[in-house]
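# below are the sequence and a predicted model for it; my questions follow.
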Amino acid sequence: MYKRTHTCGELDKSYIGEKVILNGWVNTSRLHGKVVFIDLRDRYGKTQLVLDETTFINEFDSIKKLSSEDVISVEGIVKIRDGGAENTKMKTGAIEIAVSKFLLLNKASTLPFVLTDRNSSEEQLRLKYRYLELRFDELQNNIITRHETYQAVRKYLSKNNFLEIETPILMKSTPEGARDFLVPSRVQKGKFYALPQSPQIYKQILMISGYDRYFQVVKCFRDEDLRADRQPEFTQIDIEMSFVDEETIFSHMENLTRHIFKSVKNIDLPDTFPRITYKEAMERYGSDKPDTRYGMELIDIKPFTDKSEFKAFSNVEFVKAIVIDSGAKFSRKVIDELTDIAKKSGAKGLAWMKFQDGSLSGGISKFFSEVLQKNMVKSLNLKNDEIILIVGDQQNIVCKTLGKLRILIASREKLTDKNLFNPIWVTEFPMFDFDEKSDRYVAMHHPFTAPRESDIDKLNSEPATALSRGYDLTMNGHEIAGGSIRIHSPEIQEKVFSLLGLTQKEAVEKFGFLVEALRYGAPPHGGIAFGFDRLVMLLAGTENIRDVIAFPKTTSATSLMDESPSYVDNNQLKDLGLKLDSN
């Protein structure tokens, strides 16, 4: 035995009478008098086995003691199940195996948690025993989805003349953005490699080298604070193209995304993805990755609050609101919870009014005259039992706060259709953010993003207002890809470095080889990188990125299964010329 003839998911009535060998794990074992029924499982499915005492006189006591996750090998004849015993929920439910030979390959220890209900145990425990958690159907389906996504990506890009080219994992540290993971050199003591945050510089070098269409499914590393959809090591679909503009990139990436969703999940995405500017996205949705599966857009109500007697809003820059259908049912406790969330987002508070029985009531409604209320109701097209949530402050605080409340309320009220996938491009990002702590500009995307051609002069006069040729592809509230047209002019690249606070010497130290390469005939080029894990997360229908990675880290960047990171031997540190600070 051992060498299986079939998997546990393929046998049906067409195999009746055949002798087969199956290997797998005991999913369930049931004793009925002198017969033991076992559901044998592998990653392809389950098959029912029948082992009777007359066949296994000497082994039957051992067979009766088989338990969940024992590994066995069996030989037997495929038979049709007795009338009425067919299991329509199983692909193999019409047949069973009358076992003639049985071999116990491995006895499983008592399990730390049951494998019939994933939610019956804490995630920390499941991650410690990840090799057991990976046996759940849900995770096996996710890993299969991940594999199919890999293949769909490679098939489309290879067919369209993209070359898959590997770039180095050990590279020069270029600390601009998230922290690098550093790797000390044993040979060059005191020097360090960095693990790549992305192959950004290398793929631009490849464009300069004449490889006009590049891609790579690549591991990237960032030492940053984690959350549910982030990992310290993650996978990107990295893409770069030469002699292109935004339209060419949008066309190819829309085709690629449609191909992935159709190939992997048979989902048809729109023929053309809608577009929205960054400014419009923030003003309408309070987010640069808007979820457009539901409405609840941000509404400017400053013209009304300016005419009210509510003085807290009289001197603020912006007053916006969201209207929640059937939100009048929100209790004061719920409103207080939403207020706390608003304050944690930077707002001073959260104002509200309910529209019931033809009039506004509660909250700050008493500060609005009857005429003003009627004008509001008409202008906002309010419907009975709606609630208005209002924030007044600086523009970024107002949009950020209401954007966060919008997402939380949509989740709370189950407004999202999980079977709907709404891709949308976000364009015209600002070139720079201003970091008040360091008192300098920082790149909104990265330092190699080109400004709009019409905004190049603003780099000298009004850099804060310059818009970039950056773009993100978002879907259902997630950024699934981000990219830009790159700077191919060495002069503009040096100007951007200077605006980011880098002296010419520092720019040469960190990025000198790229700046020099730009002087040797760099073509116009641009690209994008898909967050592969996040993309698979959407395809798999889960909200937790750890569910689509075989061996993920926790939110504290640790692996509970193999206990990494871990301390290393002092001799290893000595070889590297390192000494730990006792503090």
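Arrived safely.
# right, and the helix or strand after the longest helix seen in the chain?
Ranked by residue count under DSSP state H, the longest helix found in the chain is helix 137-159. Moving toward the C-terminus from helix 137-159, the next helix or strand (DSSP states H and E) is strand 163-164.
# then the top strand by length along the chain to CSV, C-alphas only?
Secondary structure assigned by DSSP state E gives strand 19-32 as the longest strand of the chain. Backbone C-alpha positions of strand 19-32 (Å, rounded to 0.1, in the frame of the first residue of the first chain) are rendered in CSV as follows:
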residue,chain,number,x,y,z
LYS,A,19,-9.7,-2.2,-6.6
VAL,A,20,-8.3,1.0,-5.2
ILE,A,21,-5.6,2.1,-2.7
LEU,A,22,-6.3,5.3,-0.7
ASN,A,23,-4.1,7.2,1.7
GLY,A,24,-5.2,9.9,4.1
TRP,A,25,-6.3,11.2,7.5
VAL,A,26,-9.1,9.8,9.6
ASN,A,27,-11.7,12.6,9.5
THR,A,28,-14.3,10.7,11.5
SER,A,29,-14.7,7.1,12.8
ARG,A,30,-18.0,5.5,13.7
LEU,A,31,-18.5,2.0,15.2
HIS,A,32,-21.7,0.2,14.3
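# so for whatever helix or strand comes next after that strand, what gets flagged as buried?
Beyond strand 19-32 on the C-terminal side, the first helix or strand identified by DSSP H and E is strand 35-42. For strand 35-42, a neighbour-count test (16 or more other CB atoms under 10 Å) marks 36, 38-42 as buried. No exception for glycine: its C-beta is placed from N, CA and C like everyone else's.
# hang on, the earlier thing: what is the longest helix of the chain packed up against?
In this structure, helix 137-159 makes packing contacts with strand 163-164, strand 213-221, helix 246-265, helix 532-540, judged by 3 or more CB pairs under 8 Å, 6 or more residues apart in numbering; DSSP states H and E.
# what's the mean pLDDT across that helix?
Helix 137-159 shows a mean pLDDT of 97 in the predicted model.
# ok now it, how far from the chain's centre?
Distance of helix 137-159 from its chain centroid, counting by CA atoms, centre = their mean, to the nearest Å, is 15 Å.
# got the CA coordinates for that helix in PDB?
Output in PDB follows, covering the C-alpha atoms of helix 137-159 (Å, rounded to 0.1, in the frame of the first residue of the first chain):
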ATOM      1  CA  ASP A 137     -11.100  23.100   4.400                       C
ATOM      2  CA  GLU A 138     -11.400  26.900   4.600                       C
ATOM      3  CA  LEU A 139      -7.600  27.400   4.600                       C
ATOM      4  CA  GLN A 140      -6.900  24.700   2.100                       C
ATOM      5  CA  ASN A 141      -9.400  26.400  -0.300                       C
ATOM      6  CA  ASN A 142      -7.600  29.700   0.400                       C
ATOM      7  CA  ILE A 143      -4.200  28.200  -0.500                       C
ATOM      8  CA  ILE A 144      -5.700  26.700  -3.600                       C
ATOM      9  CA  THR A 145      -7.100  30.100  -4.500                       C
ATOM     10  CA  ARG A 146      -3.600  31.600  -4.000                       C
ATOM     11  CA  HIS A 147      -2.100  29.000  -6.300                       C
ATOM     12  CA  GLU A 148      -4.700  29.600  -9.000                       C
ATOM     13  CA  THR A 149      -4.000  33.400  -8.700                       C
ATOM     14  CA  TYR A 150      -0.300  32.900  -9.200                       C
ATOM     15  CA  GLN A 151      -1.000  30.900 -12.400                       C
ATOM     16  CA  ALA A 152      -3.500  33.400 -13.800                       C
ATOM     17  CA  VAL A 153      -1.100  36.300 -13.300                       C
ATOM     18  CA  ARG A 154       1.800  34.500 -15.000                       C
ATOM     19  CA  LYS A 155      -0.400  33.300 -17.900                       C
ATOM     20  CA  TYR A 156      -1.700  36.800 -18.700                       C
ATOM     21  CA  LEU A 157       1.600  38.600 -18.300                       C
ATOM     22  CA  SER A 158       3.700  36.000 -20.200                       C
ATOM     23  CA  LYS A 159       1.100  36.000 -23.100                       C
END
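# next, the angle helix 246-265 makes with that helix.
Using axes from the mean of the first three to the mean of the last three CA atoms, to 10 degrees, one finds that helix 137-159 and helix 246-265 are set 140 degrees apart in direction.
# so helix 137-159 versus helix 532-540, what angle?
Counting by the same axes, to 10 degrees, helix 137-159 lies at 120 degrees to helix 532-540.
# can you tell me what sits against helix 137-159?
Contacts with helix 137-159, where a contact means CB atoms under 8 Å, 6 or more residues apart in numbering, come from 43, 118, 133-134, 164, 215, 217, 237, 239, 255-256, 259-260, 263-265, 532, 535-536, 539-540, 542, 547-548, 550.
# quick check: buried residues in stretch 357-366?
Neighbour counts over stretch 357-366 (16+ other CB under 10 Å) mark 360, 362-365 as buried.
# got the end-to-end distance for it?
Between the opening and closing residues of stretch 357-366 we find a distance of 16 Å, counting by CA to CA, to the nearest Å.
# need the contact list for the closest residue in space to residue 403 that isn't next to it in sequence.
Once flanking residues are discounted, residue 403 sits nearest to residue 286: 2.1 Å by CB to CB, 6 or more residues apart in numbering. Listed by CB under 8 Å, 6+ apart, the contact partners of residue 286 are 298, 398-404, 406.
# only the buried subset of those residues, as a PyMOL command please.
A single PyMOL command selects the buried members of those (16+ other CB under 10 Å):
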select buried, resi 298+398+399+400+401+402+403+404+406
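# okay, the contacts of residue 286 in a markdown table with secondary structure and pLDDT next?
Formatted as a markdown table, the entries for the contacts of residue 286 read as follows, by DSSP: H, G, I helix; E, B strand; the rest coil; pLDDT from 0 to 100:
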| residue | secondary structure | pLDDT |
| --- | --- | --- |
| 298 | coil | 98 |
| 398 | helix | 97 |
| 399 | helix | 97 |
| 400 | helix | 96 |
| 401 | helix | 97 |
| 402 | helix | 98 |
| 403 | helix | 97 |
| 404 | helix | 97 |
| 406 | helix | 97 |
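# which of the contacts of residue 286 sits closest to residue 314?
Distances from the contacts of residue 286 to residue 314 were compared by CB to CB; the smallest belongs to residue 398, at 15.0 Å.
# next up, the contacts around the closest one.
For residue 398, the contact set (CB under 8 Å, 6+ apart) comprises 286, 298, 317-320, 347, 391-392.
# most neighbours of all those, which one?
With neighbours defined as other CB atoms under 10 Å, the most crowded of the contacts of residue 398 is residue 391; it has 28 neighbours.
# any idea how far residue 312 is from it?
In this view, residue 391 and residue 312 are 11 Å apart by CB to CB, to the nearest Å.
# identify the farthest-apart pair in the contacts of residue 398.
Between all members of those, the longest pairwise span (CB to CB) is found for 286 and 317 and amounts to 15.2 Å.
# is residue 463 in contact with residue 431, as I believe?
Yes - in this structure, residue 463 is within contact of residue 431 by CB atoms under 8 Å, at 6.8 Å.
# okay, these two: which has more neighbours?
Just comparing residue 463 and residue 431: by other CB under 10 Å the higher neighbour count belongs to residue 431, 25 against 19.
# what are the ranges of the strands in the stretch 301-450 of the chain?
Secondary structure of the stretch 301-450 of the chain (DSSP state E, counting those that start in this stretch): strands located at 318-324, 351-356, 359-361, 386-393, 423-427, 432-435, 440-443.
# tilt between the longest one and strand 318-324?
So the one you mean is strand 386-393. For strand 386-393 and strand 318-324, the angle between their directions (the same axes, to 10 degrees) works out to 160 degrees.
# swap in the fifth one?
Here strand 423-427 points in a direction 180 degrees away from that of strand 318-324 (the same axes, to 10 degrees).
# now do the helices in the stretch 251-400 of the chain.
In the stretch 251-400 of the chain, the helices defined using DSSP state H, counting those that start in this stretch lie at 278-285, 302-305, 332-344, 370-380, 395-412.
# which helices and strands does the shortest one pack with?
In other words, helix 302-305. Counting contacts by 3+ CB pairs under 8 Å, 6+ apart, helix 302-305 packs against strand 318-324, helix 370-380, strand 386-393.
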